[in-house]
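Q: Fold the following.
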Amino acid sequence: MVTFVVTLMIVTTLSIRLFTEIKVRRTGRELTFDGRMGDYLANTLEEPNAIRELRIYNSTSYFTNLWAMIMKKQHNKRFSARKFEIKTGMVVAMVQTSAIFVVLVYLLNKMGESNTVTIGTISVLFLALLSSGGKIMSLTWPLSKLYISSSKLYDLNEVLTYKNRDFRKNNINNSTDSMLPITVSNVYFKYAKSNKNVLSNINMAIKPGEKIAIVGENGAGKSTLIKMLLGQYRPSSGTICWKDSPEPNGKVSVVFQNAVKFELTLRENIFLGDAHAPSDDAKILKVLEQCELIDLLHELGGLDVKLGQLVEGSRQLSGGQWQKLAIARALYNDAELIVFDEPTSAIDPNAEMEIYTKLLEICQDKAAIFISHRLGWAKNVDTIYVMSNGEIAEVGDHQDLVHHKGIYASMYALQSSWYK
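A: The predicted structure follows:
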């Protein structure tokens with residue numbers, strides 16, 4: 001009888017604890033998006049440039065109300081989860097108390113048959129059962145925490161085994177294998193829950209060593225196409241083939257328009273381009289020279305000076321210098337395909353042509369894709385793809401497209417007039 005009641009108490013208590021912990025854990029996962037959005041809004045409200053613009057548009061109150069609404073939603077959900085946890089804790093306590101009472105009555109009944117029951121006996125027996133119940137309850141706690149910890153390992157495994165991991169894995173293990181040519185055939189793409197195609201009937205080929213320009217107005221689909229080529233998006237239909245593989249299987253470097261400003265040392269900012277290989281200072285100096293950052297190196301006084309504003313003594317850079325660092329990081333990777341997504345967006349137009357000429361020179365033996373709104377440099381690439389409304393409207397070199405007198409010719413003539 002005693003064994004049955006104790007076992008039932010342990011099983012019931014453990015089940016309730018696990019159920020409670022799982023519910024709290026699920027609530028935490030449900031709040032992940034709101035948490036990220038709340039952090040974003042809070043960080044934005046600390047940015048001087050964001051505050052300046054919010055004040056100009058008189059939208060500060062809307063922004064703060066949006067942040068408050070999200071935080072209130074988070075707190076309400078967490079409060080509900082913790083309230084449920086407290087209620088179930090009370091149920092656990094009642095189960096424990098009931099089990100102790102049942103065992104106590106049973107033992108007293110057995111002892112009553114021999115007429116040996118006294119007040120002292122009852123007190124000692126009650127305290128012994130209460131202490132035993134506490135010990136039993138303490139045994140169930142590690143078991144429940146072990147189960148919850150294993151669920152965290154499940155989350156970690158979910159991230160590590162995410163399907164897009166293949167791109168990184170192949171970049172590391174097959175860096176000596178060529179991923180070119182890349183063939184894009186009849187590719188269409190639309191976002192989930194949308195009926196409108198962002199990209200339609202995309203056909204193109206990227207050959208080893210070829211220099212390609214993708215141009216078009218804002219919203220034409222240039223950046224989406226690049227994300228498709230890099231394997232970040234999957235086609236809704238059609239195929240993208242990297243040589244003989246449906247997945248990227250070689251090294252790729254990318255310089256995005258809004259490059260990340262790593263508040264680390266100058267050396268680390270370059271070294272992150274190929275962090276799996278041993279650091280090579282000679283190679284770092286070479287790419288710094290290629291990107292015309294040697295003067296910055298001399299000004300800083302070495303490769304180990306911290307950049308940004310995170311720690312005292314760090315050196316803040318201009319937008320153009322950060323952008324050049326991103327280009328240097330891409331070159332350090334020794335990739336056979338380099339994608340430049342508006343790489344000169346933070347650099348003045350006077351230096352733009354010189355930088356593009358330098359990039360084309362650096363990428364002589366590599367395939368390169370350039371995306372830009374400005375077209376003065378595009379005459380130097382092998383192939384130009386002109387995008388409009390998610391489609392490739394024109395393909396050819398500079399001379400062919402100018403003679404064709406289509407979209408590219410109109411854009412080029414308009415931009416040329418700006419500098420006359």
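
Q: Would you state the strands of the stretch 201-350 of the chain in chain order?
A: For the stretch 201-350 of the chain, the strands identified by DSSP state E, counting those that start in this stretch occupy 211-216, 237-242, 252-255, 337-341, in order along the chain.

Q: got TSV for the ones you listed, with mean neighbour count and mean pLDDT too?
A: (Each C-beta comes from the backbone N, C-alpha and C, glycine too.) Converted to TSV, the strands of the stretch 201-350 of the chain look like this (neighbours: other CB atoms under 10 Å; pLDDT from 0 to 100):
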stretch	mean neighbour count	mean pLDDT
strand 211-216	24	94
strand 237-242	16	92
strand 252-255	22	87
strand 337-341	24	90
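
Q: Tell me which of the ones you listed sits nearest to L414.
A: Distances from L414 to each of those were compared using CB to CB; the minimum, 12.5 Å, belongs to strand 211-216.

Q: list the helices and strands that closest one packs on?
A: When contacts are defined as 3 or more CB pairs under 8 Å, 6 or more residues apart in numbering; DSSP states H and E, strand 211-216 sits against helix 222-229, strand 367-371, strand 383-388, helix 407-418.

Q: mind redoing it with 10 Å?
A: Using 3 or more CB pairs under 10 Å, 6 or more residues apart in numbering; DSSP states H and E as the contact test, the elements touching strand 211-216 are strand 199-206, helix 222-229, strand 337-341, helix 349-362, strand 367-371, strand 383-388, strand 391-396, helix 407-418.

Q: picking up where we left off before, could I get the strands of the stretch 201-350 of the chain as JSON lines with distance to K73?
A: As requested, the strands of the stretch 201-350 of the chain are arranged in JSON lines below (distance: least, CB to CB, whole Å):
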{"stretch": "strand 211-216", "distance to K73": "40"}
{"stretch": "strand 237-242", "distance to K73": "38"}
{"stretch": "strand 252-255", "distance to K73": "36"}
{"stretch": "strand 337-341", "distance to K73": "35"}
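
Q: Would you mind checking which of the helices and strands packed on strand 211-216 scores lowest on average pLDDT?
A: Per-segment mean pLDDT for the helices and strands packed on strand 211-216 reaches its minimum on helix 349-362, at a mean of 76.

Q: Same question for it: list its buried residues.
A: Neighbour-count burial for helix 349-362 flags E352, I355, Y356, L359, I362 (criterion: 16 or more other CB atoms under 10 Å).

Q: Ok, stretch 195-206 next?
A: Applying a neighbour-count criterion of 16+ other CB under 10 Å, the buried positions in stretch 195-206 are N197, V198, L199, S200, I202, M204, I206.

Q: Check the gap between the closest residue to the first one other than its chain neighbours and G216 for me.
A: The spatially closest residue to N197, leaving aside those adjacent along the chain, is K190, at 4.8 Å (CB to CB, 6 or more residues apart in numbering). If you measure K190 against G216 using CB to CB, to the nearest Å, the figure is 18 Å.

Q: cool, and S245?
A: Taking CB to CB as the measure, S245 falls 28 Å from G216.

Q: next one: V381
A: When CB to CB is the yardstick, V381 and G216 sit 15 Å from each other.

Q: re earlier: out of the helices and strands packed on strand 211-216, which comes closest to V103?
A: With distances scored as CB to CB, the stretch of the helices and strands packed on strand 211-216 nearest to V103 is helix 222-229 (65.1 Å).

Q: If you count neighbours, what's buried in the closest one?
A: Neighbour counts using 16+ other CB under 10 Å place K222, S223, T224, L225, I226, M228, L229 of helix 222-229 among the buried residues.

Q: List the residues that contact the fifth one.
A: Under the criterion of CB atoms under 10 Å, 6 or more residues apart in numbering, the neighbours of I226 are I214, Q232, Y233, V254, F256, V339, F340, D341, I369, I371.

Q: which one of these sits closest to T7?
A: Sorting the contacts of I226 by how near they are to T7, with CB to CB, puts Q232 at the top with 53.4 Å.

Q: Quick check: phi and psi at the closest one.
A: Recorded main-chain torsions at Q232 are phi -80, psi -30, according to degrees, to the nearest 10.

Q: And the one 4 residues further on, by the same measure?
A: For S236, the backbone dihedrals are phi -70, psi -30 (criterion: degrees, to the nearest 10).

Q: Against K207, how distant is it?
A: Using CB to CB, S236 is found at 26 Å from K207.

Q: Could you check which of the two has the larger neighbour count?
A: Neighbours per residue (other CB atoms under 10 Å) separate S236 from K207, with S236 holding more: 16 against 13.
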